[in-house]
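*Asks:* Need a 3D model of the sequence below.
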Amino acid sequence: MRKKSGFTMIEQAIELVPEFATVIRKLEQQVTLRGQSKSTLNNYIRRIALFVIHFGKLPEQIDPEEINEYLVALARDPKSPSRSSFKHMVYGLRYYYRLMGLNKNAIALPSLKKETKLPVILNYQELKELFGAPTLLKQRIVLALIYSAGLRGQEVINLKISDIDFMRKVIHIRQSKYKKDRIVPLAESMALGLKKYLGAENPHVWLFNGKESDGRYSVRGLAWVMRENLKKTSIKKDVNLHSLRHSYATHLLEQGLNIVTVKELLGHADITTTMLYLHVAQCPLLKPHSPLDRLYNYPKKEKPCSSKNEGKV
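*Replies:* Have a look, this model is predicted:
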């Protein structure tokens, strides 16, 4: 079914199936009660809207065989890289069924094998080139800030001017993923850059003002800044905004910081998530030995795990 001109996907689904509006309200209530991410909800609602537009009914009103045929068609779609449309629809339906209390329907959906891909890391020279690419101070500052503090896109747009403590050299990240606060160090060079930016741009309330209804910048806008400035560089790696956070974590490990501290700085709920970076960090292997050998005859201070592309950023 073709999208009507001027209608969003969700609006079209509601016009076709009016009860979909009630379903959206129920989903929003459940997400609020469970303290889950509204951005995730919005992504999945768009998937369910596609489903509703296709069938003209809500998911629970469709025969399971029809749903399977629909999913098979998505999985075979040659225009969808890595069957992404299929996978996202399965995730969306599973999310929908569970929030609506239809766990049997969720279990009946195809199981998806989770792909584990190593993060792509920017080296020091590439980071320098990227941070030197923007002509606008605001863009240069926001990209450098994401790397310097290992921030998620949503955390960047939620930052208020008051969250930057220049005296104590820390950044307070509030109610991020998993509804947790955390404190991360503010680099000295980043503090100088932020002061220059604040003096030039004079933002209000939010650290980065934008065109959102509440005055904030958008994650989509951040991704655009990254893409456009990558075009100005010689970087050929397949990287995105989140690659700056990956690079932050990897470089900290390479510089000798212990993985438990890196986990806390990143705001990970489980250390197994952080351990992924051990696969890309360039750390020299130490020969197995007894700690007693070094108790009385400790060798000269060894350089911690370091990067092949070491240098100042």
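*Asks:* what about Tyr70, how many neighbours?
*Replies:* 17 (other Cβ atoms under 10 Å). (Each C-beta comes from the backbone N, C-alpha and C, glycine too.)
*Asks:* Excluding sequence neighbours, find me the nearest residue to it.
*Replies:* His54 (6.8 Å; Cβ to Cβ, 6 or more residues apart in numbering).
*Asks:* What number of residues are in the vicinity of the one you found?
*Replies:* Using other Cβ under 10 Å: His54 sits among 15 other residues.
*Asks:* three-state assignment of it?
*Replies:* Reducing the assignment at His54 to three states with DSSP: H, G, I helix; E, B strand; the rest coil gives helix.
*Asks:* Do you know the pLDDT at it?
*Replies:* Among the per-residue scores, His54 holds a pLDDT of 92.
*Asks:* Tell me how far it lies from Glu69.
*Replies:* As judged by Cβ to Cβ, to the nearest Å, His54 and Glu69 stand 11 Å apart.
*Asks:* same check, this time on Glu188
*Replies:* For Glu188 relative to Glu69 (Cβ to Cβ), the value is 60 Å.
*Asks:* likewise Asn123?
*Replies:* Asn123 sits 47 Å away from Glu69, taking Cβ to Cβ as the criterion.
*Asks:* try Tyr44
*Replies:* When distance is defined by Cβ to Cβ, Tyr44 is 21 Å away from Glu69.
*Asks:* neighbour-wise, which of the two wins?
*Replies:* It is Tyr44, of Tyr44 and Glu69, that has more neighbours when counted by other Cβ under 10 Å, with 21 against 10.
*Asks:* mind listing what that one touches?
*Replies:* By Cβ atoms under 8 Å, 6 or more residues apart in numbering, the contact set of Tyr44 is Tyr91, Gly92, Tyr95, Tyr96.
*Asks:* ok, now which ones touch the second one?
*Replies:* Read that as Gly92. Contacts for Gly92 (Cβ under 8 Å, 6+ apart) come out as Asn43, Tyr44, Arg46, Arg47, Ile48, Phe51.
*Asks:* out of the residues you listed, which are buried?
*Replies:* Buried members of those, counted by 16 or more other Cβ atoms under 10 Å: Tyr44, Arg46, Arg47, Ile48, Phe51.
*Asks:* Please, which helix or strand holds the residue nearest to Ile235 when sequence neighbours are not counted?
*Replies:* Spatial nearest neighbour of Ile235, excluding adjacent residues (Cβ to Cβ, 6+ apart): Glu126 at 5.3 Å. Glu126 is part of helix 124-131, with elements assigned from DSSP states H and E.
*Asks:* tell me how far that helix is from the chain's mean position?
*Replies:* Its chain's C-alpha centre and that of helix 124-131 lie 21 Å apart, by Cα atoms, centre = their mean, to the nearest Å.
*Asks:* Mind giving me the packing neighbours of that helix?
*Replies:* Secondary-structure packing of helix 124-131 (3 or more Cβ pairs under 8 Å, 6 or more residues apart in numbering; DSSP states H and E): helix 137-149.
*Asks:* Pull the residues that contact the helix it packs on.
*Replies:* With contact meaning Cβ under 8 Å, 6+ apart, helix 137-149 is reached by 127, 130-132, 134, 151, 153, 156, 171, 173, 184-187, 189-190, 193-194, 196-197, 200-201, 208, 217, 222, 225-226, 229, 241, 244-245, 247-248, 313.
*Asks:* Of the residues you listed, grab the buried ones for ChimeraX.
*Replies:* Listed next is the ChimeraX selection for buried residues among the contacts of helix 137-149, using 16+ other Cβ under 10 Å:
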select :127,130,131,134,151,153,156,171,173,184,186,187,190,193,194,197,208,217,222,225,226,229,241,244,245,247,248,313
